[in-house]
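1. When you get a sec, could you give me coordinates for this:
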Amino acid sequence: MPFPLIKLVYLFVKQVSKPLATRVTGYMKEKPFIRSYIMIPLAQAYHRSEANLKLMLLYNQKGHKVKVNPLSEEAAVNLASDMMNDIFIFTIAFVVLYQEYVRSAKSSAAEKLQRENEILSINNQLDDLVLITERHDAQLREAERERHHLLTLVSDLQTWSSSCTKLISEKQESHLREVFRRIKNLQAIQLTVHSKNSKVNHINIAMDRQDKSD
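-> Residues are numbered from 1 along each chain as shown. Got it, this is the predicted structure:
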């Protein structure tokens, strides 16, 4: 909490708790036991300590003590009342400020924990993104290898297809040449047979003519 805000809180607490402190000290002044054994001895001790401290500062003599006249009972009671008022107000202010400090510390701790959780969540998301990116890179590399393999297969298939086409063409050409050769042979055989048949016919005709002449 900033210092000006602390000062404002203290002044507010002082104004609020002052009536309550007055009532408490008034109640204590009415009790003989508290008045005689707490308030008056406390005021007298404070009065002596204050007087010795002032003399020490005035004469710059440490440990030099003088006899200090005690306060009257009424003055001691009034001084003790003022002291208790201040102690009561300071106590309430301290409690309020301490509670505010604890609340602020808890709030800061909660905010810090929230920030740490957010940072942890962001780091986890980044780790997940890194894993996803690495997985995608691996898939891309695998796809590239598959593409290269397919291209190689296509190239091999094209080469094999060209080879098969050439081989088929060569076989077809050879087969056609063989067919033509056989056709020519058949034609030659047919011509030979036809020639022989013609000769046989001529012989038969000649023989018929000879038989008729005889």
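
2. how about the helices in the protein?
-> 3-30, 32-34, 40-59, 73-213 (DSSP state H).

3. Including distance to Lys67, mean neighbour count and mean pLDDT, could these go into a markdown table?
-> Placement of C-beta: from N, CA and C, glycine included. Below are the helices of the chain laid out as a markdown table (distance: least, C-beta to C-beta, whole Å; neighbours: other C-beta atoms under 10 Å; pLDDT from 0 to 100):
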| stretch | distance to Lys67 | mean neighbour count | mean pLDDT |
| --- | --- | --- | --- |
| helix 3-30 | 28 | 13 | 65 |
| helix 32-34 | 28 | 11 | 79 |
| helix 40-59 | 9 | 14 | 80 |
| helix 73-213 | 17 | 11 | 82 |
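
4. What values do phi and psi take at Val68?
-> In terms of degrees, to the nearest 10, the main-chain angles of Val68 are phi -110, psi 130.

5. That one: what's its closest spatial neighbour, skipping adjacent residues?
-> Ala51 (4.4 Å; C-beta to C-beta, 6 or more residues apart in numbering).

6. thought that neighbour was touching Lys67?
-> No: when contacts are counted by C-beta atoms under 8 Å, Ala51 is not listed as touching Lys67 (9.6 Å).

7. I'd like to know how far Glu116 sits from Thr133.
-> 25 Å (C-beta to C-beta, to the nearest Å).

8. same thing with His194?
-> 89 Å.

9. Same question for Leu55.
-> 81 Å.

10. So which residue is smack in the middle of this structure?
-> Geometric centre of the chain, nearest residue: Ile122, 2.0 Å, by C-alpha atoms, centre = their mean.

11. Distance of Ala75 relative to Ala109?
-> Distance from Ala75 to Ala109, by C-beta to C-beta: 50 Å.

12. same check, this time on Leu42
-> 40 Å.

13. then stretch 107-126 to PDB, C-alphas only?
-> What follows is stretch 107-126, C-alpha atoms only, in PDB (Å, rounded to 0.1, in the frame of the first residue of the first chain):
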ATOM      1  CA  SER A 107      -4.300 -10.900  -3.500                       C
ATOM      2  CA  SER A 108      -0.700 -10.500  -4.800                       C
ATOM      3  CA  ALA A 109       0.000 -14.200  -4.200                       C
ATOM      4  CA  ALA A 110      -3.300 -15.100  -6.000                       C
ATOM      5  CA  GLU A 111      -2.400 -12.800  -8.900                       C
ATOM      6  CA  LYS A 112       1.100 -14.300  -9.000                       C
ATOM      7  CA  LEU A 113      -0.300 -17.800  -8.900                       C
ATOM      8  CA  GLN A 114      -2.700 -16.900 -11.700                       C
ATOM      9  CA  ARG A 115       0.100 -15.400 -13.700                       C
ATOM     10  CA  GLU A 116       2.200 -18.500 -13.100                       C
ATOM     11  CA  ASN A 117      -0.700 -20.700 -14.200                       C
ATOM     12  CA  GLU A 118      -1.200 -18.600 -17.300                       C
ATOM     13  CA  ILE A 119       2.500 -18.700 -18.100                       C
ATOM     14  CA  LEU A 120       2.400 -22.500 -17.500                       C
ATOM     15  CA  SER A 121      -0.700 -22.800 -19.700                       C
ATOM     16  CA  ILE A 122       1.000 -20.800 -22.400                       C
ATOM     17  CA  ASN A 123       4.200 -22.900 -22.200                       C
ATOM     18  CA  ASN A 124       2.100 -26.100 -22.400                       C
ATOM     19  CA  GLN A 125       0.300 -24.600 -25.500                       C
ATOM     20  CA  LEU A 126       3.700 -23.800 -27.000                       C
END
